[in-house]
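Asks: Here's a sequence, model it:
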Amino acid sequence: MRTRSVVLASFTLAVALLTGCGGETPPPEAPPAPAKSAEPPPAPTPEVKKEEPPPPPKKEEPPPPPPKKKASEVITGGGMFAFSLADSADAKKLATDDCEKKAKKDEKKKEACLKDVDTSAANEGIRFEKDDKGNWWWVSFGKEKDKEVVYNKVMFKIASEADGKITLKPEGKDGGKRPMAKLPAEVVVDVPDDNTVSMTDPKKGKLVYKKK
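Replies: Reported below is the predicted structural model:
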């Protein structure tokens, strides 16, 4: 029994020595905190492309004007050219002066006279005709009692041609109802565009005609 007491006392002493030397037994270390799982990087924001406005529609260029006709093409192209009193300044002045002279300061008579002049002028014109033999004729006409009256009818040939101008050479006699006593050696016809011709009369000045 004594031996057991001695062993027990020795064990107690050993425990006391160990406790005195090392102090209290340190508490067990806490387990390390679990590492935070790495969060995935944020998804990139998709780039929003700015919608560009559609290009403006192409402006359609107007087609180029047709080439200007030669003076001879206008003359021989057929059709009728109506007399334009409004564009014939010399002839208009002559008509106005004549009406004033006839009216003798009577405004009503003057207005009636000018109206008759306008009506008569609106029915006048010229044309260029080709007969069955191939000859060309210059024809001047008007209206009387709603019927066409040919004032002048003269055969001609083209003597020369330039830009916007043609020279006619009359031949033979004037076959109209108001024939010229003597035909001019030549007649110069100005052709400023495809629809206008003009010529100068010795008495009435520049006479302008518009194609109908």
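Asks: in a strand, that's where residue 140 is, yeah?
Replies: Yes: Residue 140 forms part of a strand when assessed by DSSP: H, G, I helix; E, B strand; the rest coil.
Asks: and it, how many neighbours does it have?
Replies: Residue 140: 21 surrounding residues under other C-beta atoms under 10 Å. (Glycine included, C-beta is placed from N, CA and C.)
Asks: Now do it, the pLDDT please.
Replies: Looking at residue 140, its pLDDT is 97.
Asks: In this structure it contacts residue 175, no?
Replies: No: contact criterion C-beta atoms under 8 Å: residue 140 and residue 175 do not qualify, at 11.1 Å.
Asks: residues bridging contact with the two, i.e. touching both?
Replies: 150, 153 (C-beta atoms under 8 Å, 6 or more residues apart in numbering).
Asks: need the longest strand for the chain.
Replies: The longest strand of the chain (DSSP state E) is strand 147-162.
Asks: Straight-line length of stretch 72-85, end to end?
Replies: This stretch, stretch 72-85, spans 24 Å end to end (C-alpha to C-alpha, to the nearest Å).
Asks: Which strand or helix spans residue 96?
Replies: Using DSSP states H and E, residue 96 sits within helix 89-103.
Asks: For the chain, which residues score under the pLDDT cut-off?
Replies: Applying pLDDT under 70 to the chain picks out residues 1-40, 48-49.
Asks: Now do the buried residues in the helix holding residue 96.
Replies: Neighbour counts over helix 89-103 (16 or more other C-beta atoms under 10 Å) mark 91, 92, 95, 99, 100, 103 as buried.
Asks: Ok, stretch 103-112 next?
Replies: The neighbour-count check on stretch 103-112 (16+ other C-beta under 10 Å) flags 103, 110 as buried.
Asks: hmm, back to that, gap between the following helix or strand past the helix holding residue 96 and the chain center?
Replies: Next helix or strand after helix 89-103 toward the C-terminus (DSSP H and E): helix 107-122. Averaged C-alpha coordinates place helix 107-122 at 40 Å from its chain's average position (C-alpha atoms, centre = their mean, to the nearest Å).
Asks: Tell me what angle the helix or strand that helix 107-122 is followed by forms with strand 147-162.
Replies: Next in sequence after helix 107-122, counting helices and strands by DSSP H and E, comes strand 125-130. Interaxial angle of strand 125-130 relative to strand 147-162 (axes from the mean of the first three to the mean of the last three C-alpha atoms, to 10 degrees): 70 degrees.
Asks: does the most centrally placed residue in the chain count as helix, strand or coil?
Replies: Against the mean C-alpha coordinate of the chain, by C-alpha atoms, centre = their mean, the closest residue is residue 62 at 4.9 Å. For residue 62, the secondary structure call by three-state DSSP comes out as coil.
Asks: so how far is residue 180 from it?
Replies: Residue 62 sits 46 Å away from residue 180, going by C-beta to C-beta, to the nearest Å.
Asks: now residue 124
Replies: For residue 124, the distance to residue 180 - C-beta to C-beta - is 16 Å.
Asks: cool, and residue 134?
Replies: Residue 134 is 24 Å from residue 180, by C-beta to C-beta.
Asks: coming back round to it: for the helix holding residue 96, C-alpha coordinates in CSV please.
Replies: Output of helix 89-103 as CSV, limited to C-alpha atoms (Å, rounded to 0.1, in the frame of the first residue of the first chain):
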residue,chain,number,x,y,z
ALA,A,89,-41.0,96.8,-129.4
ASP,A,90,-40.6,98.8,-132.7
ALA,A,91,-43.8,97.4,-134.2
LYS,A,92,-45.7,97.9,-130.9
LYS,A,93,-44.7,101.6,-130.8
LEU,A,94,-45.7,102.1,-134.4
ALA,A,95,-49.1,100.6,-133.7
THR,A,96,-49.6,102.7,-130.6
ASP,A,97,-48.6,105.9,-132.4
ASP,A,98,-50.9,105.1,-135.2
CYS,A,99,-53.9,104.5,-132.8
GLU,A,100,-53.2,107.7,-131.0
LYS,A,101,-53.2,109.6,-134.3
LYS,A,102,-56.5,108.1,-135.3
ALA,A,103,-58.1,108.6,-131.9
